[in-house]
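# coords please:
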Amino acid sequence: MDSDSDHRGAYYFRHPILDGTPCDIDSNDLAPGQTPSSPNSPAENPWTPFAGRSHFELTDLLFRRNQMPAEQVDDLMQILAGMNETGVPPFANDKDLHATIDSIHSGDTPWQSFAVRHANADGLSTEDPDVPPWKLAEYTVWFWDPLFGDKGQRVWSDFMMGNWAWKQCDTLADDLDCHGAMFVPIILGSDKTTVSVAMGQNDYYPLYISTGNVHNSVQCSHRNAVSLVGFLSIPTTERDHEDCPEFQKFCRHLFHTSLAAILEAFRPAMEKPEVMMCPDGHYRRVVYGLGPYIADYPEQCLLACIVQKWCTRCTNHRNNLDSGQALMDAFSRHELWKGWGIVDGIMPFTAYFPRADIHELIAPDILHQIIKGTFKDHIVKWVGDYLVHEHGEAQAEVIWADIDRRIAAVPSFPGLRRFPQGRGFKQWTGNDLKALMKVFLPAIAGHVPDRMLRAISTFLDFCYLVRRSTLDEADLQAIDDSVHKFHAERVIFQELGVTPDIISLPRQHSLLHYRYLIQLFGAPNGLCSSITESKHIKAVKEPWRRSSGNLALAQMLIINQRLDKLAAFRVQMAACGFLNIPILHPDIAAIPLGPPDPDPFRDNTNVDDAIAEDDQIPSSEAEVIIQLAKTKGYPPHLRPLGQHIGCPDLQQLVRRFLYDQLNPASAVSCHEVDISLCPLFDGKVSVFHSATTSFYAPSDICGVSGMHRQVIRSSQSWRGGPARRDCVFVEHDSTLPGFCGLYVAQVILLFSFTYRQVDYPCALVRWFDTIGDEPCPNTGMWMVEPEYSAEGDHLVSVIHLDTILCPAHLIPIYGQHFLDRDVHHTDSLVIFAGYYVNKYSDYHAYEIAF
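Predicted coordinates:
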C-alpha cells in the first residue's frame, strides 16, 4: 500500500480481500481488464412486447405518469383509432395495455404471501366468548423475493465509507470462500402510512429495501434505489383489548417474525457468496449482510424491543443492553420494563441472521429526530410556551401573528418555499419544516431573549453540519462542538420555566450519537427516513387512489408490479441506447404549460428556480450562463434604457465597466478615473429577465453528480405582479475565508452588449455594505445595510456576470418593532435599514457565508 504522502487530493482504499473481483457465471475469476460476456443478441424488435418506441412511451405516459383511469384509456384508444387512417388504435383497450405491461420479462418478480396466527390459535374455540377475536384471526404478509431478480483527513460520505461496512468485510475475510467477493449491505426501512381519513382509517405498513452499495446522491435523488419489498400486517382488535399486554406482545412478535420470514432468502448468501449479475454486466460473488434500518422513533423502539422514552442505542446508565438475553434471565418482566426499558420475551429479527445486532443497526434519522422532533416538536413549541409564560396567551397570539407577518415578508430566493400566511396551516410536511427552519431565526429575533436565539442558532448549525454530503474529521469536531453549545445555551428554557429542570427527550438525546453514527454508516443524508417516506406516494398512496377501494391491497400489488416492469424496461432500453433518439422531430417545438394554481398557504414559485443538474460534470467552480431568450419591451440603447429603468447614469456606468475590462492591471479604479478616459459605447443592448448559475453543491437538491442550478431573476413584473430583484454573492477576494471574501448586491438589470467584437454579459447591481467585522453573535449570520454614495443615493455599478457566485438571501432585521400588515415580500429589500445574510437559505450558502 502506498504511503499517505504519495497521494494527492481525495483518495480511497479498497478492501484488500473483499474487493468485488469480476467472475463468470461459474464463479471463475476473470483476467484483469477482461470485458463481461456480451448479452444475448436482441430480437428483431428490441421493443417487444411493444410495437415500438412510441407504443412504450404512450404506455408509460398513461399508466405511470398520468395514471389514467381504465374507462378513459378506452375512450382515448377510440379517439386515436378515429384519427388513424387504418382505424387501428395502439391498444385495443385498457386490458390490452395492461396485458402488454404484464408480458414484460424485465422486473417480473411475483408477489408472495404467508399467513401468521397466534401460537395457540388452533387450540382456542371460536365459541368461547372469553377468547378475543385477534387471537383467532389470520394475518397475511405480502412480499416479493428480494433475491429474485484533500486535507489529509479521513472523509465520510457514502455508506460504504463507514466503519461498519469495513468491519463486516474484515469478519467475512476470515472465510476463504469470501475472498474476492463483493459485500452487499441490505438497508431496510418501514413506516405506517394512512392513505385516507375521510373514507375510513385506511392504514398500510410498507417495507422498503435498498443496498448500501448505492451512492448517497442516488439514494436522495429518488432514482428507484429504494424499492418496495412488502406490506406488513397491522393487527387490530376491540378498544378494550388495545392496551392488553398480551396483544401488544403479539404485535411485536408478528412484526419481527414477518421481517425474519421476508429476509430468509438472504440467509444462505450471508455466509457463503452467490454469483450475481451486476449493473456493469459483470458477474460477481456476492455476500449479503443486514445493514441499517431506517425508521422513526416509535418504530425504532419496536425494532430494538425497548420501551418508549428510552434511547434505542444506549441506556444512559452505567450498564448497557449488550447482554439483553442475560438481563431477561436475571430480572423479572416488571424490573426489565421499569428499570431498564426492555420488553421481555421478544427476540429481534436480527437474532436469526449472522453478524446482525439491531441495537447497532438503528440508522440516524434527520427528518424525525432533528427536523420534526427537535425543531418542530421541541424548539418551536418552547418558543410558543415562552411567549405565553412571559406575555400571557392573548399577547402571545399577537406576537405569533407578527412572527407570521415577518415570515410572509421574507424576500424570494431560488428553491425557498414561501408562506404567504406565515405558519397558517395545520398539515406540516417535511419540506414545510425545512423551509421554516431557514427563516425562523430572523422572524423571532426581537421577540425572544438573545440567549434563546443563540441556542436555536447553534442547533441550526448542527442541522446543517450533519446534512453535509461529505464530512471530515474537522466536521465531526464541529458537530460535537455545536451539540455542546446547544446544550449549554438551551438552559435558558429551563431558567425561564419553559421546560423541566432536566431535559430528557430521546430525539434530542440522539444528537449525541451522530458523530459515532457518521463514522459507522457515513453521511446521514443517505439513510434519512425522508427517502422512504417519499416512496409512500408512488408505492402506496397513488396506487391506492387508482384502486376501486374494495380489496385495495391486491390491486396495489399489481399496480406496483407493473410500475416495476415499466421502470426495468426503460432501464434496459436506455442501456442499449434506444432512448437516445428523440421521438419528436427537432423542428417540432413542445407546447409550454402555464403555472399551476397557487396554494394560499404555500408559495412554491421559487422552488422551480432551484434545479438538480443530471447532465453536468461536477466542478468546484461556479459558472453563470445567461439565458438565450431575449426580453422584449425595453429600449435597445443605454441612454433611453437607463431612463426606462430609473437609472439615468446607466451609460456612464457601462463606460466605467468597460474601463475596468480593458485595463485589468490599472492601479486606478473605474470609480475614480475621469469619465472622459472611459470608452464610449452607445450600441445596442439586449435585456434579460433571468440568468442561471450552476455549481457543485451535493448537499442541496442536486443531480447524481452533485451539480445544482439556480435561477437569478431581475424583472419589472414577476408573474404579473410587482418587480422581483434577486440578490447575489459577488466574488471579492478568493483568498479570504467565507463571507469575508464576498460582496452582496441586488440585481437591478441583466443585459449584454458587444464591444469591439467581444460579448459582455452584465448586471446592474445595487450594493450592500457589511455591518461590523463579524457575524451577529446571537443569530450567527452576517449583517448588511444598503450602501450609499457621497450624494446620498444608492451605490450602483455594472459588473460582469462572471463575478457572480450564486444567489444570496437577505432577511430584514425586524428588531423589536411589530411589522405593518401591508408590508409585502416584494418590498422587503428596499424598505428596511439592515438585513441578515441568511446562511441557512440552503446548504451551499451555509458553506460560503460563514
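# Give me the below-cutoff pLDDT ranges for this protein.
Scanning the chain with the threshold set as pLDDT under 70 gives 1-12, 37-43, 147-154, 196-201, 219-223, 315-344, 424-427, 584-630, 697-706.
# quick check: longest helix of it.
Looking across the chain with DSSP state H, the single longest helix is helix 381-408.
# and that helix, what does it pack onto?
helix 430-444 (3 or more Cβ pairs under 8 Å, 6 or more residues apart in numbering; DSSP states H and E). All C-beta atoms are positioned from the backbone trio N, CA, C, and that covers glycine.
# report the angle between the axes of the helix it packs on and helix 381-408?
Interaxial angle of helix 430-444 relative to helix 381-408 (axes from the mean of the first three to the mean of the last three Cα atoms, to 10 degrees): 90 degrees.
# Name the residues of helix 430-444 that are buried.
The neighbour-count criterion (16 or more other Cβ atoms under 10 Å) identifies 430, 432-444 as the buried residues of helix 430-444.
# Present these as JSON lines; the columns should include distance to residue 522.
Formatted as JSON lines, the buried residues of helix 430-444 follow (distance: Cβ to Cβ, whole Å):
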{"residue": "430", "distance to residue 522": "21"}
{"residue": "432", "distance to residue 522": "28"}
{"residue": "433", "distance to residue 522": "24"}
{"residue": "434", "distance to residue 522": "21"}
{"residue": "435", "distance to residue 522": "26"}
{"residue": "436", "distance to residue 522": "28"}
{"residue": "437", "distance to residue 522": "23"}
{"residue": "438", "distance to residue 522": "25"}
{"residue": "439", "distance to residue 522": "30"}
{"residue": "440", "distance to residue 522": "29"}
{"residue": "441", "distance to residue 522": "29"}
{"residue": "442", "distance to residue 522": "33"}
{"residue": "443", "distance to residue 522": "34"}
{"residue": "444", "distance to residue 522": "34"}
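# residue boundaries of the strands in the stretch 51-200 of the chain?
Secondary structure of the stretch 51-200 of the chain (DSSP state E, counting those that start in this stretch): strands at 111-116, 139-144, 155-156, 182-190, 193-196.
# how deep is residue 641 tucked in, by neighbour count?
Other residues within reach of residue 641, judged by other Cβ atoms under 10 Å, total 20.
# returning to what we had before: which one of the buried residues of helix 430-444 is nearest to residue 761?
residue 438 (29.6 Å; Cβ to Cβ).
# Leaving aside the residues adjacent along the chain, what's closest to the closest one?
Excluding the flanking residues, the one nearest residue 438 by Cβ to Cβ, 6 or more residues apart in numbering is residue 840, at 4.8 Å.
# Not counting its neighbours along the chain, what's nearest residue 810?
That would be residue 835: by Cβ to Cβ, 6+ apart, it lies 4.0 Å from residue 810.
# which phi and psi does that neighbour have?
When read as degrees, to the nearest 10, the backbone of residue 835 gives phi -140, psi 150.
# Now do the contacts for it.
Contacts here follow Cβ atoms under 8 Å, 6 or more residues apart in numbering; on that basis residue 835 touches 768, 783, 784, 785, 810, 811, 812, 813, 829.
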